[in-house]
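Engineer: need coordinates for the below:
(one chain, ligands or ions: 2)
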Amino acid sequence: MNPAIEICNLSFGYQKNLLLQEVNLTINKGDFVAFIGPNGSGKSTLLKLILNTLKPKKGEIKLLGVPNFRFTDWTKVRYISQKVREFNDSFPATVKELIASNMYHQMGFLKLVTPKLSKRIDQSLEMVGLSKCRNEQIGNLSGGQQQRVFIARTLVKEPEIILLDEPLVGIDQKTQHEIQQILIKLNQKLGTTIVMISHNLESIKGQSNKIFLFKDMDVFNYTAKEFTVHLSKKGEWVVNNSYV
Ligand SMILES: Nc1ncnc2c1ncn2[C@@H]1O[C@H](COP(=O)(O)OP(=O)(O)OP(=O)(O)O)[C@@H](O)[C@H]1O
Ligand SMILES: [Mg+2]
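Structural biologist: Ligands and ions are numbered 1, 2, ... in the order given. Coordinates of the predicted model:
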């Protein structure tokens with residue numbers, strides 16, 4: 001086994017009350033993991049704990065074998081949120097410039113996009129199917145295209161682990177499908193470890209090999225094979241015979 005993320009006896013609460021209690025989980029390199037569970041069950045919080053922007057009350061988190069508070073190689077671990085919602089359309093940059101801005105420390109003193117970096121930008125845009133939009137103003141693209149640019153911006157760093165917090169919210173079905181396909185391709189072709197929070201329970205089984213259900217302050221682990229989901233008559237999700 002080759003762990004990407006290890007969480008051991010983790011407890012956390014924002015105030016006195018615990019939100020997550022004695023959580024244990026392992027995500028291996030090359031896994032495609034879905035975090036699911038009701039609103040407020042702690043999914044986004046756990047991503048923040050993994051990224052070391054929140055500190056656990058108890059327990060330990062390791063990234064690529066290193067305790068996360070000592071982890072420094074953040075180019076290998078990237079986070080994508082619901083950027084589209086937060087994005088300001090008047091941001092004055094082209095697609096290429098926005099992606100290049102994520103590579104400043106690789107550009108050297110003169111901050112030039114070398115042919116090698118330019119090729120990496122092209123490869124990232126190709127991966128997300130946006131080669132033609134290279135020189136477009138980012139503000140002129142649709143929400144779904146902007147989200148794909150943000151994925152390309154992440155890919156250009158060649159990360160080993162990508163954490164996504166509901167990246168498909170507010171995006172039309174066709175684009176959702178396209179982004180899912182990009183993530184599957186990344187996972188299968190490049191072996192990138194993907195951890196994605198999702199409320200789209202029906203599409204999870206087709207893309208994830210592991211599913212983590214957040215419930216009652218704990219996190220339950222299912223393989224894709226074990227995982228079943230259906231809608232009850234009342235319209236509630238039922239995961240492996242229990243309501244979520
Ligand atoms: N900064 C904060 N300070 C205090 N409480 C917070 C803070 N952030 C989140 N919470 C609370 O912690 C709980 C878990 O929040 P979290 O965002 O992790 O849930 P979630 O599982 O991601 O939910 P959703 O599916 O709605 O995104 C919620 O009750 C939320 O109100
Ligand atoms: Mg959330």
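
Engineer: pretty sure Asn102 contacts Leu155?
Structural biologist: No: checked against C-beta atoms under 8 Å, the pair Asn102 and Leu155 is beyond contact range at 9.8 Å. All C-beta spots, glycine's among them, are computed from the backbone N, C-alpha and C.

Engineer: what is the neighbour count of the closest residue to Lys185 other than its chain neighbours?
Structural biologist: With C-beta to C-beta, 6 or more residues apart in numbering as the criterion, Lys185 has its nearest non-adjacent residue at 7.1 Å, and that residue is Met127. Using other C-beta atoms under 10 Å, Met127 is surrounded by 19 other residues.

Engineer: kindly export the longest helix seen in the chain (C-alpha atoms) in CSV.
Structural biologist: As assigned by DSSP state H, the longest helix anywhere in the chain is helix 173-190. Provided in CSV are the C-alpha atoms of helix 173-190 (Å, rounded to 0.1, in the frame of the first residue of the first chain):
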residue,chain,number,x,y,z
GLN,A,173,-25.2,18.8,-16.8
LYS,A,174,-23.1,18.6,-20.0
THR,A,175,-20.2,20.5,-18.5
GLN,A,176,-20.5,18.5,-15.3
HIS,A,177,-20.1,15.4,-17.3
GLU,A,178,-17.1,16.9,-19.2
ILE,A,179,-15.4,17.8,-15.9
GLN,A,180,-16.0,14.4,-14.5
GLN,A,181,-14.4,12.9,-17.5
ILE,A,182,-11.4,15.1,-17.1
LEU,A,183,-11.0,14.0,-13.5
ILE,A,184,-11.4,10.3,-14.5
LYS,A,185,-8.7,10.8,-17.2
LEU,A,186,-6.3,12.5,-14.8
ASN,A,187,-6.8,9.7,-12.3
GLN,A,188,-6.5,6.8,-14.8
LYS,A,189,-3.8,8.2,-17.1
LEU,A,190,-1.6,10.2,-14.7
